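> Sequence first, then the predicted structure, then my questions.
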Amino acid sequence: MSVLDSKIPKGPLKEKWTNHKNNINLVNPANKRNIDVIVIGTGLAGGSAAATLAELGYNVKTFCYQDSPRRAHSIAAQGGINASKNYQGDGDSDYRLFYDTVKGGDYRSREGNVYRLAEVSGNIIDQCVAQGVPFAREYGGYLDNRSFGGVLVSRTFYAKGQTGQQLLLGAYSAMNRQINRGKIKPYNRHEMMDLVLVDGKARGIIARNMITGEIERHSAHAVVLASGGYGNVFFLSTNAMGSNVTAAWRAHRRGAYFANPCYTQIHPTCIPVSGDHQSKLTLMSESLRNDGRIWVPKRKEDAEAIRSGKKKPTQLAEEDRDYYLERRYPAFGNLVPRDVASRAAKERCDAGFGVNKTGQAVYLDFSDAIERYGKEKAFTAGNKDASKEEIIKLGKEVVAAKYGNLFDMYQKIVDQNPYETPMMIYPAVHYTMGGLWVDYNLQTTIPGCYAAGEANFSDHGANRLGASALMQGLADGYFVLPYTIGNYLSDDIRTGAISTDSPEFEETENAVKERMDKLMNANGSKSVDSYHKELGLIMWNKCGMARNAEGLKEAIEEIAALREDFWKNVKVPGTATSKNAELEKAGRVADFLELGELFAKDALHRNESCGGHFREEYQTEEGEALRDDENFRYVAAWEHKGKPADAVLHKEELVFENIELKTRSYK
Amino acid sequence: MKLNLKIWRQENATAKGKIVDYPVDGIDGDMSFLEMLDILNEQLVEKGEDTIQFDHDCREGICGSCSLQINGEPHGPDKLIATCQLHMRSFKDGDTIYIEPFRAKAFPVIKDLIVDRTAFDRIQQAWGYVSVNTSGNTVDANTIPVEKEKADESFNAATCIGCGACVAACKNASAMLFTSAKVSQYALLPQGRVEATERVKAMVRQMDEEGFGNCSNTGACEIECPKGISLENIARMNREYLAASVKG
């Protein structure tokens, strides 16, 4: 077992990043023109990194599987982006954002990284506003904020329920400016198939043109992976259909350690599963918990009556409802962190109080908010004795202005009107905190291979707070990686262009082609989706919101067996030389079938509960997560050794000098 | 429910395409339209046939990937949604459904139902941005107050998902609604105003070069737009363009 060097700069917390920037090597502008960088993924992290790297003078190539960089799944982020601006004057600061994030992550993240994140957060907002991102504003013309789970201040900036879209369009516009200058060359509808190492350094990739099927070689002095998370290992998740782990997993197989794969975020407010045909799940933004109250019936008879359609939720009197989050966590109420809210929902449903036909749903109710806002609006308009109808009408208008698009989306999917009857929600896989291990410079264990955004493991510990993914993606891309990568590239100013004719490119390309031939020629009888669904069920049932040793051991065996079967019996129709969605999926599912096993292995080794990782054997009497700081206060980074079963564990001890480790309490 | 699907199949950009019949059964009203196509594709895999290729990704109406012409309408019969949000409850047992790619000269077919919409990217590359460096050395975000009404209007224009339904709906295959939404988003904000003149000229020039047609003035684009982007944006772009042309 080796010790990983996180390269966190010495010195006081507040000075680490500034000192580091002052001491790293720079590349002069003339030399940057001779250096090429490949960026995989064009979401918030990849798009912003590509734009800034190009602006600094590097030659950038971007790759995305979508038809346009603007469609990366960051676009679907709804609620908002955190920044410690303290515009509301409610006591926010860099320190508080840092503290909330470390605590929210259940003390499994690095202090140095998280403080840097807090430090640059305010600048992200400045940058985005300057780019023309239309954030929500108050009547005075200044930026508006709202609250998110796990914090007691309002630090979330937003653009209705489409913040991710607006921020991504901002990053995409910055990319476009560089594309127009010829500094970024975009390769859309291209998928990275493997990483090429020359003399132990990342020097390029093998990519597949998804339209022609052509296998291409691309070289660079460094490769940045900003390819997102691996939530689709569960088949059903809020990720896009195409979101995959392949780029990260291929790098892992080439020597990049994979950290904390078991840390997965199950988001509490998603639209419940409706049937077997379901292809994906839809998130209802956490911002809804600002105003929505979560409840289930107090009595099982009522829950049963609702499930069988004999009763409606609106018929239940106030005293017959159990607002279980407000009951269990009076201080944070409906705004507890995501992991806590998800487990609480599961606990109620498992105990028989769930609603919907399936019993796998709880209510998110806006009736109080509608009345409260209605009264406020009537009062402001001078209507001091407004009727109940007038108040409800006004209240609905306010709620529509805040969450209109989310309510519409819900109505389209569920066919119920959430202004009239409470929404039904249930937890779903949403985000993965684990990912490629990176040091403070965002470099993986392969020299020259960097990872940014959700693809790395760094800042969220065992649980991510709401509105922090957008913050981290843009922090990594705009403000961290473009500078730290310079330190590495400063050694490459005399290297010259990297040739793609080397034996390393040849070998890697052959390996890619061989693997694709194997998939095309398996000639079995089962579809790729059928394997993906089966894997998803194992993951959800045994590696989901609650895990135990027995189930995890079963999962490891079942996934390994499923993987073996996949390579024998999968059926991929069509050809490899044209657009073929089945072939694309097959390559991704093959990688998920390896990652899934490592995920279970990681969850099994971590004999504690922390954040999104909840082991049933390790809980307090009240059912809260029970951490074991003495034995598990480390990052688990796995080294590939041929098979997931043989992966070797490396530990990075986490050092807490500025925050005292406590049991998280939101009571 | 049972449905009779008539789907456009085309091997590649140069091949000749045709409508092929696919009867499907056991379709549930709670399924989304794309889940219905998943089921059909699953059946094709079983038979060892090449599956029907279509663009899709987020399946929640925001990425703008999906692009089907359903019974002659972009994104199908329901309004204010993308194809991925269309549910089968909008159809009834025994229906015949025609599924085709978006049709426009500037959107050549790649395969089956997939079209090439990179012309939209190139319009935005022409000047669809504010020329600010991403170094973070900008002024504090609250330095310039922006009238809420303007900010909201800019946001409404910015909600365009770039799907191309406006082009597919227009008898001239015009991209005026798309381009004007981008022009408007920036023109309405003080940060974007500075280079508004150059921007509108560059973006309109690129739009014309891509082979999109002239505005038909029928308003079909607004009706079919999944995000309800308003025709007012076209009027705004025309004003901006005229002013820019006068300035020279």
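Received the coordinates, thanks.
> any idea which element A:Val438 lies in?
Per DSSP states H and E: A:Val438 is located in neither a helix nor a strand.
> tell me the contacts of it?
With contacts defined as CB atoms under 8 Å, 6 or more residues apart in numbering or on different chains, A:Val438 is in contact with A:444, A:450-451, A:456-458. Every residue, glycine included, has its C-beta placed from N, CA and C.
> Keep only those of those residues that are in helices.
Within the contacts of A:Val438, no residue falls in helices by DSSP state H.
> pLDDT score for A:Gly536?
Looking at A:Gly536, its pLDDT is 97.
> give the contact list for the closest residue to it other than its chain neighbours.
Take A:Gly536 and drop its neighbours on the chain: the residue closest to it by CB to CB, 6 or more residues apart in numbering or on different chains is A:Phe235, 2.6 Å away. By CB under 8 Å, 6+ apart, the residues touching A:Phe235 are A:532-533, A:535-537, A:539.
> Repeat that for A:Val245.
Contacts of A:Val245 (CB under 8 Å, 6+ apart): A:227, A:229-230, A:232-233, A:588, A:591-592, A:595.
> how is chain B carved up into domains?
Domain segmentation of chain B under automatic domain parsing yields B:3-111, B:118-247.
> now those domains as CSV including mean neighbour count and mean pLDDT?
Formatted as CSV, those follow (neighbours: other CB atoms under 10 Å in any protein chain shown; pLDDT from 0 to 100):
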stretch, mean neighbour count, mean pLDDT
domain B:3-111, 19, 97
domain B:118-247, 20, 97
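> Out of these, the one nearest A:Arg33 is which?
With CB to CB as the criterion, A:Arg33 lies closest to domain B:118-247 of these, at 17.2 Å.
> And the residue nearest the centre of chain A?
Per CA atoms, centre = their mean, the C-alpha nearest to the average position across chain A is that of A:Tyr431, at 3.3 Å.
> So that residue sits against A:Tyr230, correct?
No - judged on CB atoms under 8 Å, A:Tyr431 makes no contact with A:Tyr230 at a distance of 10.0 Å.
> and whatever residue of chain A ends up closest to chain B, what element?
Relative to chain B, the nearest point of chain A is A:Gly141 (2.8 Å; CB to the nearest CB). Following DSSP H and E, one finds A:Gly141 outside all helices and strands.
> With A:Gly309 instead?
Using DSSP H and E, A:Gly309 sits within no helix or strand.
> and it, how many neighbours does it have?
8 (other CB atoms under 10 Å in any protein chain shown).
> pLDDT score assigned to it?
On the pLDDT scale, A:Gly309 is placed at 94.
> Just give the number of residues close to the residue lying closest to A:Tyr187 once chain neighbours are set aside.
In space, not counting the residues next to it along the chain, A:Tyr187 is nearest to A:Phe63; the distance is 4.8 Å by CB to CB, 6+ apart. Neighbour count of A:Phe63, defined by other CB under 10 Å: 27.
> Distance check, the nearest residue to B:Ile62 once chain neighbours are set aside against A:Tyr403.
Nearest residue to B:Ile62, sequence neighbours excluded (CB to CB, 6+ apart): A:Ala76, at 5.1 Å. For A:Ala76, the distance to A:Tyr403 equals 16 Å [CB to CB, to the nearest Å].
> do A:Gly242 as well
27 Å.
> What separation do you get for whichever residue of chain B sits closest to chain A and A:Ala130?
Distances between chain B and chain A by CB to the nearest CB are smallest at B:Pro145, namely 2.8 Å. Distance, B:Pro145 to A:Ala130, using CB to CB: 14 Å.
> how about A:Cys349, what does it touch?
Residues in contact with A:Cys349 (CB under 8 Å, 6+ apart) are A:296, A:359-362, A:426.
> Please list only the buried members of those.
Among these, the ones that count as buried by 16 or more other CB atoms under 10 Å in any protein chain shown are A:296, A:359-362, A:426.
> who's in contact with A:Met423?
A:284, A:288, A:292, A:363-366, A:410, A:414, A:416.
> 10 Å instead?
Contact partners of A:Met423, counting by CB atoms under 10 Å, 6 or more residues apart in numbering or on different chains, are A:269, A:271-272, A:284, A:288, A:292, A:294, A:313, A:361-366, A:406-407, A:410-411, A:414, A:416-417.
> Same question for B:Met36.
B:Met36 makes contact with A:277, B:1, B:3, B:5, B:24, B:26-28, B:86-88, B:91, B:97, B:99, according to CB under 10 Å, 6+ apart.
> swap in A:Ser274?
Neighbouring residues of A:Ser274 by CB under 10 Å, 6+ apart: A:281, A:356-358, A:413-415, B:28, B:30-31.
> Please, which helix or strand holds it?
Here A:Ser274, judged by DSSP H and E, is contained in no helix and no strand.
> cool, B:Ser184 as well?
Assigned by DSSP H and E, B:Ser184 falls in helix B:176-187.
> Now do the next helix or strand along the chain from that helix: distance to the chain's middle.
For helix B:176-187, the following helix or strand on the C-terminal side (DSSP H and E) is helix B:190-193. Its chain's C-alpha centre and that of helix B:190-193 lie 25 Å apart, by CA atoms, centre = their mean, to the nearest Å.
> Sketch out the helices for chain B, chain order is fine.
B:33-47, B:118-127, B:148-158, B:165-169, B:176-187, B:190-193, B:196-209, B:220-224, B:232-247.
> Skip the chain neighbours and tell me the closest residue to the residue nearest to the spatial centre of chain B.
When CA atoms, centre = their mean is applied to chain B, the residue found nearest the centroid is B:Cys163 (1.9 Å). Closest residue to B:Cys163 apart from its sequence neighbours, by CB to CB, 6+ apart: B:Gly64 at 4.1 Å.
> show me the contacts for the one you found.
For B:Gly64, the contact set (CB under 10 Å, 6+ apart) comprises A:66-68, A:70-71, A:75, A:165, B:55, B:57-58, B:82, B:84, B:117, B:120, B:160-165, B:226-227.
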